[in-house]
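[1] I would like to see how this sequence folds:
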Amino acid sequence: MPKFFRPHAPPLPRTDRGKATRRRLLLAVATALFVLPLPLPAQNLKLPTLPKGFFKKDNDELQEAAQAPAGPAGMCMLPSGEYILSSHPFFQPQFRVMKFDREGNWVPFPNEAVNTPGSGAPIFLDSVLGIACDSRGIVWMLDNGRRSGTGAKLVAWDTKRDEHFKSIVLDALVLTPNSYLTNIALDPVGPYIYIADPADGISSAIIVVDTQTGLTRRVLERDRSVQMDPALELKINGQPIEVRRPDGVIASPLTGVNPIAVDRKGEWLYYGPRNGASLYKIKTQLLTDPAILPHVLASQVTGVSPKPICDSMTIDSKGRIYFGDISRGSIDYVAPEENFLNLRLLVEDPRIMWPGGLTIGSDGLLHFFSSQLHRTPFFNSGKDVTTPPFSLFKTRPLPASRFGF
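    Numbers count the residues shown, from 1 in each chain. Presented below is the predicted three-dimensional model:
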């Protein structure tokens, strides 16, 4: 038995016993990690966790960075640190995408004409949700076209040259009548973009786009990893989130795959259904190979970890995965130090209402917004009960190591 586990070690002074107890607990966890098996499917995970709040951050570490004039849907940051925000169509915003400039003003992005119907601009943004920025400063915007019934497309804008970079119209063959494209993830090493299509929660799928050729591919449709869990109900402050249709019938919003992210090396795509308790991953090399048959592709999906109900996630340089927990109003995470087995709380605050837009900025901080989406007329019988402004926050992610030995 290792020396630090011997029961008859000489007693420590009283002032050191708390530190010794903590050290023994950490060492026990670390030792266990070396002998744990490879990850099981997330729904089978039944392993012990550390005490509640063991890694909890203090609320004073949460800082308000800006206030958006309209409810946000997606967010990215330029290499210069400026925010680019897409406005959710549920808020009927004037501008589909906005930028928080260096003077502290919100201005239409990339310009007013592109955001204005009938302006005569060669490109027009209709209903943008997913948005991401690559290392070159090119902002990719996912326009699902559902606000005005236009076609779904990707629009890329070069922020360094301030000019249109590329547009890719998504092939109708990769869409379904229920498609409602939400989030995107950029491959950091290859010319690919991965799109989440939660659809009706059942016919959900991931769409792979080759940005060089414009070719698209719909994958993992109706796989359990992209489908919602019908037994999992979204509640906020103890109240179920429902949609009242014009005929008075109450329905629960159904959604499938939504949070989606690629690791820093571009090797794995991580994803899961919004209303789902499990996070999954699959190798990007498989997703981008059109020769792989659907049943073979589905067999390569791996369960990673538990997850909260969320529609946004991000991965830091150490491989830790952060989630915007909609039900609790918090930011949660799983870490490779624990083999992704335990869902932990990073920060919780009453100002966090339907968090989204999670991203690690060039400043090394974790940025996200509070959208108040559940307070829009869509969820409240046509009444707007939001309380503007809509806050953007930043907080420190976990340090390089949580273990001090």
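[2] When you work out contacts or count neighbours from here on, use the C-alpha atoms and nothing else.
    Fine.
[3] Can you give the distance from stretch 70-81 to the centre of its chain?
    13 Å (C-alpha atoms, centre = their mean, to the nearest Å).
[4] buried sites along that stretch?
    A70, G71, P72, A73, G74, M75, C76, M77, L78, P79 (16 or more other C-alpha atoms under 10 Å).
[5] In space, not sequence, find me the middle residue of the chain.
    S312 (1.9 Å; C-alpha atoms, centre = their mean).
[6] residue contacts, that residue?
    S312 makes contact with N258, P259, I260, F323, G324, P355, G356, G357, L358, according to C-alpha atoms under 8 Å, 6 or more residues apart in numbering.
[7] Please repeat the previous calculation with a cut-off of 10 Å.
    With contact taken as C-alpha atoms under 10 Å, 6 or more residues apart in numbering, S312 is in contact with 73-74, 183, 258-261, 271-272, 274, 322-326, 354-359, 368.
[8] Which stretches in the stretch 251-400 of the chain count as strands?
    Taking DSSP state E, counting those that start in this stretch as the criterion, the stretch 251-400 of the chain carries its strands at 257-262, 268-273, 278-283, 302-306, 313-315, 321-325, 330-334, 344-348, 355-360, 366-370, 390-395.
[9] Just the C-alpha atoms of the fourth one, please, in CSV.
    I take that to be strand 302-306. The C-alpha trace of strand 302-306 is given here as CSV (Å, rounded to 0.1, in the frame of the first residue of the first chain):
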residue,chain,number,x,y,z
THR,A,302,-18.7,7.1,-28.9
GLY,A,303,-20.3,8.3,-25.7
VAL,A,304,-18.1,10.9,-23.9
SER,A,305,-19.8,12.3,-20.8
PRO,A,306,-23.0,13.5,-19.1
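[10] the inter-axis angle of that strand versus strand 321-325?
    60 degrees (axes from the mean of the first three to the mean of the last three C-alpha atoms, to 10 degrees).
[11] Show the low-confidence segments of the protein, by residue range.
    Where the chain drops to pLDDT under 70, the residues are 1-60, 245-246, 252, 399-405.
[12] Would you map the helices across it?
    Secondary structure of the chain, counting by DSSP state H: helices at 14-35, 284-287, 294-298.
[13] which of the strands of the stretch 251-400 of the chain sits most buried?
    Comparing the strands of the stretch 251-400 of the chain on average neighbours per residue, with mean count of other C-alpha atoms under 10 Å, the densest one is strand 257-262 at a mean of 28.
[14] Show me what that strand is packed against.
    strand 184-186, strand 192-197, strand 205-210, strand 268-273, strand 278-283, strand 313-315, strand 321-325, strand 355-360 (3 or more C-alpha pairs under 10 Å, 6 or more residues apart in numbering; DSSP states H and E).
[15] If you count contacts, what does the second one end up packed against?
    The helices and strands touching strand 192-197, judged by 3+ C-alpha pairs under 10 Å, 6+ apart, are strand 128-133, strand 184-186, strand 205-210, strand 216-219, strand 257-262, strand 268-273, helix 284-287.
[16] now do the fourth one
    Using 3+ C-alpha pairs under 10 Å, 6+ apart as the contact criterion, the elements in contact with strand 268-273 are strand 184-186, strand 192-197, strand 257-262, strand 278-283, helix 284-287, strand 302-306, strand 313-315.
[17] okay, the angle between that strand and strand 321-325?
    20 degrees.
[18] and the angle for strand 268-273 with strand 257-262?
    170 degrees.
[19] cool, the fifth one as well?
    Computed by the same axes, to 10 degrees, the angle separating strand 278-283 from strand 257-262 equals 40 degrees.
[20] now swap in the second one and tell me
    Comparing the axes of strand 192-197 and strand 257-262 via the same axes, to 10 degrees yields an angle of 160 degrees.
[21] Within the sheet, what are the partner strands of strand 192-197, with directions?
    Using DSSP bridges, the strands paired with strand 192-197 are strand 184-186 (antiparallel), strand 205-210 (antiparallel).
[22] ok, residues contacting the first one?
    The reference is to strand 184-186. With C-alpha under 10 Å, 6+ apart, strand 184-186 has contacts from 74, 129-134, 140-142, 154, 192-197, 206-209, 258-263, 266, 269-271, 314.
[23] mind redoing it with 7 Å?
    The contact list for strand 184-186 (C-alpha atoms under 7 Å, 6 or more residues apart in numbering) reads G130, I131, Y192, I193, Y194, I195, A196, I260, A261, V262.
[24] chain center to that strand: distance?
    The answer for strand 184-186 is 10 Å, by C-alpha atoms, centre = their mean.
[25] quick revisit: please work out which of the strands paired with strand 192-197 is packed deepest.
    strand 184-186 (a mean of 25).
[26] Please give the number of neighbouring residues around the closest residue to S391 other than its chain neighbours.
    Spatially, and ignoring its direct neighbours in sequence, S391 is nearest to Q67 (4.5 Å; C-alpha to C-alpha, 6 or more residues apart in numbering). Residues within reach of Q67, counting by other C-alpha atoms under 10 Å, total 18.
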